[in-house]
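In: 3D, please:
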Amino acid sequence: MNNGNLFDLSGKIALVTGASRGIGESIAKLLAQHGAHVIVSSRKIAGCQAVVDDITKAGGSAQAIACHIGEMDQIDAIFASIAEQHGKLDILVNNAAANPYFGHILDTDLSAFQKTVDVNIRGYFFMSTLGAKLMRESDGGSIVNVASINGVIPGDFQGIYSITKAAVISMTKAFAKECAPFNIRVNALLPGATDTKFASTLVNNPKILEQAMAHVPMKRVAQPDEMAGTVLYLVSDASSYTTGTAINVDGGYLIG
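Out: Residues are numbered from 1 along each chain as shown. All right, here's what the predicted structure looks like:
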């Protein structure tokens, strides 16, 4: 353990998915500020490269690798590339997610169901599997799954999305339990309403937003940067005895 600076990530290789914008971008930039070499990943390379450029301009170290975690061949490819270039992985942040359908649960069609499950459950599962195998080969590591408060209390008209996020919380605990002997810690971040393009259906609809804020004691939507600090804690030595937990960052929403 680093007793000098518990948040020092110098020498660490970190992979952050869905990192071209929003919460993922904030996480990538903060990990780089604390010394990690960050692999910025999402479906489209251009958005990733823009984040990498910001990181390097600020004096950090980063690279862009495109990966659609709904496609198994792309998951295999990104880990093969990391193994070849770096020979290890210390930090994995599963943040990329799909939420293609907003409407009554009874009207969910097969295409929306399949896309949501393929990314949010299958994608997270095999990203974690391959990431943990790389971590097992060195000195262990840390995985953070970005779930959602909807995994605890289903969001209105977000049925299948909420179901997959509940699965991510359970998956976090299962991986934490079985990977602990390899010095791999696995935890989850549960964001509340956050001002991102991904959450625009909520944030940009005054009626829905007003209803949501009625249940948030802090009475406001979060900014993406407000999610990143919890992830920094979970991937650093500051949380060395923390695994299998899900941390709510929700302005108090789940207090009830």
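In: quick one: the strands in the stretch 1-150 of the chain, in order.
Out: 13-16, 37-40, 61-64, 91-94, 141-146 (DSSP state E, counting those that start in this stretch).
In: which outside residues touch the fourth one?
Out: Outside strand 91-94, the residues within contact range by C-beta atoms under 8 Å, 6 or more residues apart in numbering are 9, 12-17, 19, 24, 27, 31, 36, 69, 123-124, 127-128, 131-132, 135, 141-146, 168, 231, 235. In this view, the C-beta of every residue, glycine as well, is placed from N, C-alpha and C.
In: equivalent analysis for the first one, please.
Out: Contacts to strand 13-16, defined as C-beta under 8 Å, 6+ apart, come from residues 24, 27-28, 31, 36-41, 78, 82, 86, 88-93, 95, 131, 235.
In: mark which of those are buried, thanks.
Out: Among the contacts of strand 13-16, those classed as buried by 16 or more other C-beta atoms under 10 Å are 24, 27-28, 31, 36-41, 78, 82, 89-93, 95, 131, 235.
In: where does pLDDT dip in the stretch 1-150 of the chain?
Out: Across the stretch 1-150 of the chain, the ranges flagged by pLDDT under 70 are 1-3.
In: please repeat the previous calculation with a cut-off of 50.
Out: 1 (pLDDT under 50).
In: in it, which spans are helices?
Out: Using DSSP state H, counting those that start in this stretch, the helices of the stretch 1-150 of the chain run over residues 22-33, 45-57, 72-86, 110-117, 124-136.
In: from those, which stretch is densest packed?
Out: Mean neighbours per residue, mean count of other C-beta atoms under 10 Å, is largest over these for helix 22-33, with a mean of 26.
In: could you dump that helix to CSV, C-alpha only?
Out: Provided in CSV are the C-alpha atoms of helix 22-33 (Å, rounded to 0.1, in the frame of the first residue of the first chain):
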residue,chain,number,x,y,z
GLY,A,22,-20.3,12.5,-19.6
ILE,A,23,-19.5,10.5,-16.5
GLY,A,24,-16.9,8.4,-18.3
GLU,A,25,-15.0,11.4,-19.6
SER,A,26,-14.9,12.9,-16.0
ILE,A,27,-13.6,9.6,-14.6
ALA,A,28,-10.9,9.2,-17.3
LYS,A,29,-9.6,12.8,-16.7
LEU,A,30,-9.5,12.4,-12.9
LEU,A,31,-7.7,9.1,-13.0
ALA,A,32,-5.1,10.6,-15.4
GLN,A,33,-4.7,13.7,-13.1
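In: now residue 17: closest residue in space that isn't a chain neighbour?
Out: Nearest residue to residue 17, sequence neighbours excluded (C-beta to C-beta, 6 or more residues apart in numbering): residue 96, at 3.9 Å.
In: do I have it right that the one you found meets residue 119?
Out: Yes: using C-beta atoms under 8 Å, residue 96 is in contact with residue 119, at 6.8 Å.
In: I figured residue 146 hits residue 22, correct?
Out: No: here residue 146 lies out of contact with residue 22, judged by C-beta under 8 Å, at a distance of 10.1 Å.
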